[in-house]
Structure formats: C-alpha cells, structure tokens
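> sharing a sequence plus its predicted fold:
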Amino acid sequence: MIAIGCDHGGYEIKTAVISYLKEKQIEYIDFGTDSTDSVDFPLYAYRVASAVSRGECERGILCCGTGIGVSIAANKVKGIRAAVCADAYCAEMTRRHNDANILCMGGRVIDSDTAVKLAEIFLKTPFSGGRHEKRIEMITAIENDDLTL
Ligand code: RB5
C-alpha cells in the first residue's frame, strides 16, 4: 500500500502519479489535498508520514511546490526517511543507499511525466543493504538521540 499526498503546489503531479498507480493496479491511499486551492503542506506530509511510520503503508509519495517543505515535515516523524528528488539518478540512489521510504517531489520543479518516472523508479528499486545498513542504523540512532559522537 502506497500513501500519497500533496498541497496545492503538488496537486498536478500527484494527480499524474495517481493515474500511474491506477494503471499499474498499485494500491494507494490518497491523503489529499483534492484541488489547487491553497492549503498548508505540513498537514498532508504528517498524514502520509504517519501512515508509513505506523506501517499501514510501505512507502509514501509527497508533492508540494518544491518537494522541500513536505520532506522537512515528513522527516520529523519517527522512522521516516523522506528524500526530495528531481531526477532519476537520485530517485534510484535514495532507495539503494538510503532506504528512503518517502519520495518527495516538486510540482514547480519537475513536470508530470518526470514525476511519474521518478515514482516508478522509487517504487521498483530495492535497498542495497550491505555497507548501507550501518548508515541507516546511525540515522535511526540520531532519531533516538543515541548516536555516539
Ligand atoms: C506553497 O506555496 C509552497 O510553499 C509549498 O508548496 C512548498 O513548495 C514548500 O516547500
């Protein structure tokens, strides 16, 4: 199950990604917003991040104007590794190396075709594990204020 959400700045690319998910019969929960009317992105970021953090959804996709605001908000939630991506290389590497669980994109930065392509890469690419495991553990330790300096 994929959690997806956006603010007004990300509404158009979120709509394109949802069309892709429907076409591929990938199950998703849309946490809003439902139009281009102005809203506050932290609410939607929190809804998606909470669903991923609780394990109700395996991964999340968040869209705002730049992708940055939703990523900052989502990364405040325990267990979330949200990555802003604007190109295919980063979308792939943030799965392989960072085990990112939320992809953040900007509707004022990339077009809908690019957003769909990045979502596809993000959903298909596995975590590489190996030497990257320890680094993920260190990030989790920071979250728990437990990383040895
Ligand atoms: C909304 O205007 C805009 O600030 C928001 O979509 C996002 O880009 C914030 O980071």
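Okay, I see it.

> going forward, measure contacts between C-alpha atoms and count neighbours the same way
OK.

> quick one: the helices in the chain, in order.
Secondary structure of the chain by DSSP state H: the helices cover 11-23, 41-53, 68-74, 88-96, 112-124, 131-143.

> quick one: closest of these to A82.
In terms of CA to CA, the element of the helices of the chain nearest to A82 is helix 68-74, at 5.5 Å.

> what is that closest one packed up against?
helix 41-53, strand 59-64, strand 82-84, strand 102-106 (3 or more CA pairs under 8 Å, 6 or more residues apart in numbering; DSSP states H and E).

> mind checking the ones you listed for the one nearest to the ligand?
strand 59-64 (3.9 Å; CA to the nearest ligand atom).

> how about the helices of the chain in a markdown table, adding mean neighbour count?
As requested, the helices of the chain are exported to a markdown table (neighbours: other CA atoms under 10 Å):
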| stretch | mean neighbour count |
| --- | --- |
| helix 11-23 | 19 |
| helix 41-53 | 23 |
| helix 68-74 | 24 |
| helix 88-96 | 19 |
| helix 112-124 | 19 |
| helix 131-143 | 14 |
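
> I'd like those helices as a markdown table, with mean pLDDT appended.
Converted to a markdown table, these look like this (pLDDT from 0 to 100):
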| stretch | mean pLDDT |
| --- | --- |
| helix 11-23 | 98 |
| helix 41-53 | 98 |
| helix 68-74 | 99 |
| helix 88-96 | 98 |
| helix 112-124 | 98 |
| helix 131-143 | 98 |
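
> out of the ones you listed, which is closest to I4?
helix 41-53 (6.2 Å).

> which bits of the chain sit near the ligand?
7, 9, 64-69 (CA under 6 Å from any ligand atom).

> which residues touch A83?
71, 94, 100, 102-104 (CA atoms under 8 Å, 6 or more residues apart in numbering).
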